[in-house]
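Novice: Sharing a model prediction with you, sequence too.
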Amino acid sequence: MKPSLQTRLGQQLTLTPQLRQAIRLLQLSALELEAELNQALESNPLLERGDEREHAHGEETGGEEPPDAGAGADAAEPDYEPAEAVEWQEAATGERHYERGEGEDNATAAPVDLHAHLLWQLNLSHLGPRDLAIGHALVEAINDDGYLEGPLADIQAALAPEIVASEAEIECVLHTVQRLDPVGVGARSLSECLCVQLSLLSAETPGLALARELARGHLDALARLGPLRLAAQLGRDEEDMAQAVALLRSLDPRPGSRVGGGEAEYIAPDAVAWRNNGVWKVALAAGSQPRLAINRHYEGLIGKASREDDSYLRGQLQEARWLIRSLETRADTLLRVARAIVRQQSGFLDHGNEAMRPLTLREVAEELGLHESTISRATTRKYLRTPRGTFEFKFFFSSGIATEHGGAASATAIQAMIRKRVESEDPRAPLSDQKLAEILKAEGIPVARRTVAKYREAMNIPASSERQRLG
């Protein structure tokens with residue numbers, strides 16, 4: 001082997017720092033982007049908030065600042081007329097300004113947690129320290145629906161070694177917990193939950209005795225056979241059975257769900273779609289695009305400071321310009337993708353899930369002249385607000401199944417059809433997966449039974465054998 005020199009001609013894609021930054025900002029969610037910009041504002045003296053600058057100078061910022069909602073190349077030509085500005089602001093922010101009456105404030109009550117609600121009642125009871133400790137362990141083992149999770153042996157293990165309690169002792173405290181508000185929490189089964197609620201009713205309650213009998217041992221038969229057939233099987237009068245069933249229906253099978261439920265979570269949309277004069281329009285949501293600008297004070301020091309400081313300020317200025325340009329690119333890409341989605345899925349916006357058409361990342365990428373990976377980043381954790389609700393961009397993308405009429409039906413549309421037919425089925429004779437597949441095939445959508453089962457499970461719809469309900 002001898003050393004030698006060779007000349008090769010080739011092409012290689014190099015990711016510049018600016019391109020890397022633009023790619024990274026594009027895949028960030030709104031919250032992550034805000035955190036990233038806060039960090040940049042703290043570390044770069046050449047950056048400032050655009051709204052701060054406007055407040056300080058009383059005028060619009062210069063060309064270094066990204067455009068307002070509708071950023072990017074489309075910002076100069078908004079999708080709404082000036083007369084629509086107030087309506088658009090309300091549509092984009094979801095807020096309406098109104099005068100508050102005297103005595104009103106913005107404070108809201110903290111949500112009440114089921115466990116805290118039960119512990120508060122336990123602490124006001126006359127239980128001794130030992131029973132109170134057992135009660136606390138029981139409450140911690142109750143799920144959000146109000147049912148006790150796990151056997152009593154798990155409660156014993158949780159109390160040990162500080163407290164050694166027998167199952168009988170734990171059972172005694174459990175009976176106390178089950179009669180707290182809401183009545184029936186701490187039950188280990190639906191039968192026990194209903195029996196606890198029935199035990200607190202007046203003895204003169206019509207149908208109480210038969211309702212207790214049904215709750216103790218005939219719930220499955222009642223769901224499977226229905227009231228009339230079960231009445232004949234048990235030798236009971238149909239009117240008495242109807243009265244008992246009505247009493248059971250008045251009870252709460254999930255008592256824990258009436259308390260708490262956690263604090264509502266809100267999503268800030270990145271873009272908003274609305275209909276104007278029969279045309280769907282899209283713009284970036286107000287506040288979704290942070291406004292950054294160049295700090296003119298520090299920019300004016302360039303060329304006047306010492307050599308070391310001047311070099312530092314020039315470097316920070318270049319980074320600030322890159323960041324602002326990357327934000328403009330991000331906003332422009334999000335807006336273009338949102339508009340492409342609305343164009344493709346206008347049928348869904350007009351008519352609902354059954355009009356959702358199959359859509360892939362490649363279709364949008366080819367339409368916009370971008371790479372599929374760019375579309376993927378732009379649709380991850382980005383949300384579009386529409387009159388039908390707020391959806392993640394990815395919601396509008398789904399595979400399709402060819403129909404017998406030459407078109408295609410998206411998975412979302414097929415799921416909507418399945419849900420519609422399940423909701424309108426006879427509760428006494430629910431549709432099986434095979435029957436649903438036959439119905440869809442008759443409508444020109446040839447799907448297999450296993451496909452129906454997959455979509456049904458994705459929508460958390462129980463199997464036909466489990467959907468049989470009372471009456």
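Specialist: Ah, there it is. Keep in mind the model is a prediction, meaning the values are calculated, not measured.

Novice: can you list the weak-confidence ranges in this protein?
Specialist: Within the chain, the stretches with pLDDT under 70 are 1, 13-15, 51-112, 260-265, 400, 402-408, 468-471.

Novice: can you pull out the helices in the stretch 151-300 of the chain?
Specialist: Taking DSSP state H, counting those that start in this stretch as the criterion, the stretch 151-300 of the chain carries its helices at 152-159, 167-178, 190-199, 208-217, 219-225, 227-234, 238-249, 296-300.

Novice: Could you single out the most deeply buried of these?
Specialist: helix 190-199 (a mean of 20; mean count of other Cβ atoms under 10 Å). Yep, even glycine has a C-beta here, placed from its N, CA and C like the rest.

Novice: which helices and strands does that helix pack with?
Specialist: Where contact means 3 or more Cβ pairs under 8 Å, 6 or more residues apart in numbering; DSSP states H and E, helix 190-199 is packed against helix 208-217, helix 219-225.

Novice: nearest to residue 242, of the ones you listed?
Specialist: Taking Cβ to Cβ, helix 208-217 is the member of the helices and strands packed on helix 190-199 nearest to residue 242, at 10.1 Å.

Novice: Can I get that closest one in CSV, CA atoms only?
Specialist: Presented in CSV, the C-alpha positions along helix 208-217 are these (Å, rounded to 0.1, in the frame of the first residue of the first chain):
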residue,chain,number,x,y,z
LEU,A,208,-87.0,-2.0,47.6
ALA,A,209,-87.1,-5.7,48.5
LEU,A,210,-87.0,-6.9,44.9
ALA,A,211,-84.3,-4.4,44.0
ARG,A,212,-82.1,-5.7,46.8
GLU,A,213,-82.6,-9.2,45.6
LEU,A,214,-81.7,-8.2,42.0
ALA,A,215,-78.6,-6.2,43.2
ARG,A,216,-77.3,-9.1,45.2
GLY,A,217,-77.5,-11.9,42.7
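
Novice: Let's verify residue 431: helix, strand, or coil?
Specialist: Using DSSP: H, G, I helix; E, B strand; the rest coil, the three-state assignment for residue 431 comes out as coil.

Novice: what residues are up against it?
Specialist: Taking Cβ atoms under 8 Å, 6 or more residues apart in numbering, we find residue 431 in contact with 421-422, 425, 439, 464.

Novice: And residue 247, by the same measure?
Specialist: 198, 205-208, 211.

Novice: repeat that with 6 Å
Specialist: By Cβ atoms under 6 Å, 6 or more residues apart in numbering, the contact set of residue 247 is 207, 211.

Novice: Let's have the helices and strands packed on helix 190-199 in JSON lines, adding distance to residue 148.
Specialist: Putting those into JSON lines (distance: least, Cβ to Cβ, whole Å) gives the following:
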{"stretch": "helix 208-217", "distance to residue 148": "17"}
{"stretch": "helix 219-225", "distance to residue 148": "18"}
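
Novice: wait, which of the ones you listed is closest to residue 22?
Specialist: Closest of the helices and strands packed on helix 190-199 to residue 22 is helix 219-225, at 57.9 Å (criterion: Cβ to Cβ).

Novice: Return the alpha-carbon coordinates of the closest one using PDB.
Specialist: Output of helix 219-225 as PDB, limited to C-alpha atoms (Å, rounded to 0.1, in the frame of the first residue of the first chain):
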ATOM      1  CA  LEU A 219     -77.600  -8.100  37.700                       C
ATOM      2  CA  ASP A 220     -76.000 -10.200  35.000                       C
ATOM      3  CA  ALA A 221     -79.200 -12.100  34.300                       C
ATOM      4  CA  LEU A 222     -81.100  -8.700  34.200                       C
ATOM      5  CA  ALA A 223     -78.700  -7.300  31.600                       C
ATOM      6  CA  ARG A 224     -78.800 -10.500  29.600                       C
ATOM      7  CA  LEU A 225     -82.500 -11.400  29.700                       C
END
